[in-house]
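K.L.:
Predicted model and sequence below, questions to follow.
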Amino acid sequence: MRKPLPARNAVMDLLASEDRAIHAQEVAERLGVGPESYQGLLRMLDDMVFDGVVIVRGGQKFKLDKKHARANTGRERREGFLKVNPRGFGFVASPTATGDDVYVSPEALGGAMQGDTVIVEIVARGSRGAEGQIVEVKSRGSVRVSGILRRRGKSAWVEPDDPRVRGPVVLTSEIDKAGPEGNSGQDGQVVVVQITRFPEGTGENPEGKLIAVLGAPGELSVETRKVLFVQGIEELHSAEAVAEAEAYGHEVPAEMLEGREDLTHVPLPTIDPEDARDHDDAVWVERTPEGGYELWVAIADVSSYVRPGTRIDDEARARGTSIYLPDRAIPMLPRALSSNLCSLLPDVVRLCLCVHAKLDAKGSIKESRLVRGYMKSAAKLTYGGVARALGMSDQPPRDPKAEAMVDGLRVANELSRILRGRRMKRGALDFDLPEAVVKLDAEGKPTSVSKRASDPGMKKAYQLIEELMIFANELVARWLLEHQLPGVYRVHLPPDPKKLDRLSAMCEMLGLELDVEETQTPKGLSELLKTFADHPLSGVLNNLLLRSMKQATYDVQNLGHFGLASEAYLHFTSPIRRYPDLVVHRIVHAALEHDKRTREKSLARVGNMEKLTEAATQSSLAERRAMEVEREIVDIYRCFYMIDHIGERFEGVVTAFVGTGAFVNLDEPFVDVLVRVEDMGADYQIEDDGLMATSSRSGDAIRLGDRMLVEIADCAILRRSVYAKRVRGEGERDDDRGRPSRKGRGGGNDRERRPGKAGARPQRGSFGSGGRPKGHAPPKGGHAPKGKAKGGKKSAKAGRKIGRKGGKRR
């Protein structure tokens, strides 16, 4: 007797239970479908494919489409960001759910990869917290992967540099035909691939195509270019964008001045770092007869040149921000605009949007307005020249132009100090964070890595401009709200109380009081910072506090700025290097149109909430990407610099404990080194609170803030890490001598890959990636081919530094 076919739901449940694609014959066997009904089952599966419920793979293999997975388990599900450990397991961090991250075993990762946004289903709760399995990949974190190219016959694959990335990545097309610019790459070279097919199950590998061949592993230029390629950073603007920018010429035509206010009578100077290439803000302050202040903050009107729908705008939106590296800057806009027509150069007419305000002697606003105008910068000043002219510092050389404007600069500094005092009084946070300065020789190699000099006078000159920019940003934010206009705001939320646990434990250990509820107000957190200021471990305490803080983002809703203790804040003052500023300029520009119909039409075009939301989200992601790129490339320079110091000893402070050891911040050079647990001494282990490491043998403890003498052991270029060994003092016994290091703790020589034969070994340092198989055979499993496969300029100036204007991302 013929058995009836199973219901579609039964087939869906079976397919949903497997990460892999299942052959139709296996479906039949597991659902009890006999030979006489097999063709009917195939027709059912074909219908489900046609309906978009099931995906068909080669050889009659079927898999349930993720969006049709039946969520009938009743288990909790969370959306979050997947972080994969080099040993194979992962954690899902959810920005919205409460509680710890969800642990995911290697078998439960499915087709998810490092950095993906996923849906995780909680399957168990135990001593290590929630455990789950990935049930859906919402979006992929990265589509580009760098690594070492391996070629065997007609087969080719790439071993990823990042040990967290699933690999190898199989190259499925004819590599000799698919290589970029005719260069298909040699075995052992560094390449970048774009993933064309992501894995769908635990046992599958990704597939990709070659998009860049960078050269031999371990070379400085190769490593820095690799970061840019993987992150999708284009160093050069397209020919179309450059042509659009250059078409505006070098001067502002007379017709563009019509309808604008003439501000050329205001002696507005720009004040920037010595090496600044673009100048997008100028300020001037005068004392009023009543004893108050009249302030002008003029900002380059970039929005008049970068129009929606143009190639320049498309590329600016994709970049989101300018990027500043030790040897060069990658501007958001073509240089014809950023360094010329939109730069407020001295004695030439430039378009601007200006904040014009009158304040009383205490810094309260009496009246204010926003102006569409044109101006001529009176002078190009530097922080050093201003500091010297105002008597703040005798270090920088004298600047005759700053000396000539000293009376106006004194008034500007006076107002700036009043505004800063008001801001500090309301509870604004002031983290004085050190910034790395990498100096290079004529060949682009690092000659030093140090903290940016903290000359108090230079700092005061910087604060003069910083306060006036913050004032202008706040005023524009309030102006948009008062006029009920849309906008893109800079928002910063209070810290998560649960992330203050480690800081709270540290304070308790040191006898300091910490009221978690008080940290939810800017004033309370500001008072806490003051208690840290004079403490010997202030650096460690500030670091713990900073790690508990949330990252500032962009949003169309005004949610306030916690760090600045500001009820409304946005970015308006740097449209040359930040896309959100440009978006705000467009809205202000449209709102200032005189003709009502033109104003309404313009606002409808630039104030679309859906497009503004997209711009805010994309700008937040682009900013984070830029920060990661800048940080990673500085770490690369640090590694290359420290290669020549392997075997040397340095002193530093223990700043953090991680699962593999302790980070020590060296006094000089400005480098963090990792001292692994096995290199601390005999039988050390990290305590659960992350505040110390203790030896079960000697009872010795290493705490956060302790000073430590270390010896540089290795520089792992691919890990962007410098490893060191703890050096014991005289009389201290190290019972661990001669013992083999413990395996499986990540990092270090036991997991390092040396250069392939195609590349030169870095001098004395290791080309370390951490655990990616060496592999001289074609990859097995997944969709690997069987037998055959279809497949920077160096700095020209010694010691050159290129830095972000202002230095801080607020």
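P.N.:
It's in.
K.L.:
how many neighbours does F471 have?
P.N.:
Residue neighbour count, defined by other C-beta atoms under 10 Å, stands at 26 for F471. The way it works is simple: take the backbone N, C-alpha and C, and place the C-beta from them, glycine included.
K.L.:
Okay, and it sits in which element?
P.N.:
Element membership for F471, per DSSP states H and E: helix 456-482.
K.L.:
ok, V192 touching V145?
P.N.:
Yes. If you go by C-beta atoms under 8 Å, V192 and V145 touch, sitting 7.2 Å apart.
K.L.:
So which residues of the stretch 651-800 of the chain form strands?
P.N.:
661-666, 672-676, 684-686, 692-695, 701-703, 707-716, 721-726 (DSSP state E, counting those that start in this stretch).
K.L.:
Actually, the stretch 251-400 of the chain.
P.N.:
Per DSSP E, counting those that start in this stretch, the stretch 251-400 of the chain carries strands over the ranges 261-262, 269-272, 281-287, 293-300, 323-324, 329-330, 349-359, 365-376, 379-382.
K.L.:
For I312, give its distance to A247.
P.N.:
Counting by C-beta to C-beta, to the nearest Å, the gap from I312 to A247 is 10 Å.
K.L.:
Show me which of the two is the more surrounded one.
P.N.:
Legend: neighbour count by other C-beta under 10 Å for I312 and A247, higher for I312 (26 against 9).
K.L.:
Now do the same for the more buried one: its pLDDT.
P.N.:
pLDDT recorded at I312 is 98.
K.L.:
G99 too?
P.N.:
62.
K.L.:
got it, and the one 10 residues further on?
P.N.:
The predicted local distance difference test score for L109 is 89.
K.L.:
Check the one 3 residues further on too.
P.N.:
According to the per-residue confidence, A112 scores 90 in pLDDT.
K.L.:
residues near the closest residue to it other than its chain neighbours, how many?
P.N.:
Closest residue to A112 apart from its sequence neighbours, by C-beta to C-beta, 6 or more residues apart in numbering: I134 at 4.5 Å. The number of residues packed near I134 is 22, by other C-beta under 10 Å.
K.L.:
Touching the helix or strand containing I134 from outside, list them.
P.N.:
Per DSSP H and E, I134 falls inside strand 129-139. If you take C-beta atoms under 8 Å, 6 or more residues apart in numbering as the criterion, strand 129-139 is touched by 66-67, 69, 71, 77-79, 82, 92, 99-105, 108-112, 116-125, 198.
K.L.:
any idea which helix or strand of this structure has the worst average confidence?
P.N.:
helix 175-178 (a mean of 54; mean pLDDT, DSSP states H and E).
K.L.:
Hey, what's the angle from the longest helix belonging to the chain to strand 721-726? Just curious.
P.N.:
If you go by DSSP state H, the chain has its longest helix at helix 609-643. Calculated by axes from the mean of the first three to the mean of the last three C-alpha atoms, to 10 degrees, helix 609-643 forms an angle of 50 degrees with strand 721-726.
K.L.:
So for helix 609-643, what gets flagged as buried?
P.N.:
612-613, 615-616, 618-620, 622-623, 625-626, 629-630, 632-643 (16 or more other C-beta atoms under 10 Å).
K.L.:
Could I get the average pLDDT for that helix?
P.N.:
94.
K.L.:
Kindly report the same for stretch 467-475.
P.N.:
Per-residue scores along stretch 467-475 average to 98.
K.L.:
okay, it in PDB with CA atoms only?
P.N.:
Extracted as PDB, the C-alpha positions of stretch 467-475 are listed here (Å, rounded to 0.1, in the frame of the first residue of the first chain):
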ATOM      1  CA  GLU A 467      35.000  75.500  23.200                       C
ATOM      2  CA  LEU A 468      33.900  77.900  20.400                       C
ATOM      3  CA  MET A 469      33.200  74.900  18.100                       C
ATOM      4  CA  ILE A 470      31.200  73.100  20.900                       C
ATOM      5  CA  PHE A 471      29.300  76.300  21.400                       C
ATOM      6  CA  ALA A 472      28.500  76.600  17.700                       C
ATOM      7  CA  ASN A 473      27.400  73.000  17.500                       C
ATOM      8  CA  GLU A 474      25.100  73.300  20.400                       C
ATOM      9  CA  LEU A 475      23.600  76.500  19.100                       C
END
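K.L.:
I would like the residues contacting that stretch, please.
P.N.:
So stretch 467-475 is contacted by 281, 283, 285, 295, 297, 299, 355, 357, 365, 368, 412, 415-417, 419-420, 423, 490, 564, 566, 568-573, 806, 810 (C-beta under 8 Å, 6+ apart).
K.L.:
if you set the cut-off to 6 Å instead, what comes out?
P.N.:
Contact with stretch 467-475 is made by V283, V297, V355, S368, S416, L419, R420, S566, Y569, L570, F572, T573, as judged by C-beta atoms under 6 Å, 6 or more residues apart in numbering.
K.L.:
Okay, and the beta partners of the residue nearest to A112?
P.N.:
Counting by DSSP bridges, I134 is bridged to V120.
K.L.:
and what of F663?
P.N.:
Beta bridges link F663 to A656, L674 when assigned by DSSP bridges.
K.L.:
My guess is it contacts T655. True?
P.N.:
Yes. Here F663 reaches T655: they are 5.2 Å apart, a contact under C-beta atoms under 6 Å.
K.L.:
Compare those two and say which is more crowded by neighbours.
P.N.:
Regarding F663 and T655, a neighbour count based on other C-beta under 10 Å identifies F663 as having more, with 20 against 16.
K.L.:
Return the residues in contact with that one.
P.N.:
Residues in contact with F663 (C-beta under 6 Å, 6+ apart) are T655, A656, D672, L674.
K.L.:
quick one: it and P495, what's the gap?
P.N.:
21 Å.
K.L.:
Same check on V283?
P.N.:
Per C-beta to C-beta, V283 is found 33 Å from P495.
K.L.:
Setting aside sequence neighbours, what's the nearest residue to the spatially most central residue of the chain?
P.N.:
With distances taken as C-alpha atoms, centre = their mean, the residue of the chain nearest its centroid is R624 (2.9 Å). In space, and not counting its chain neighbours, R624 is closest to Q551: 7.3 Å by C-beta to C-beta, 6+ apart.
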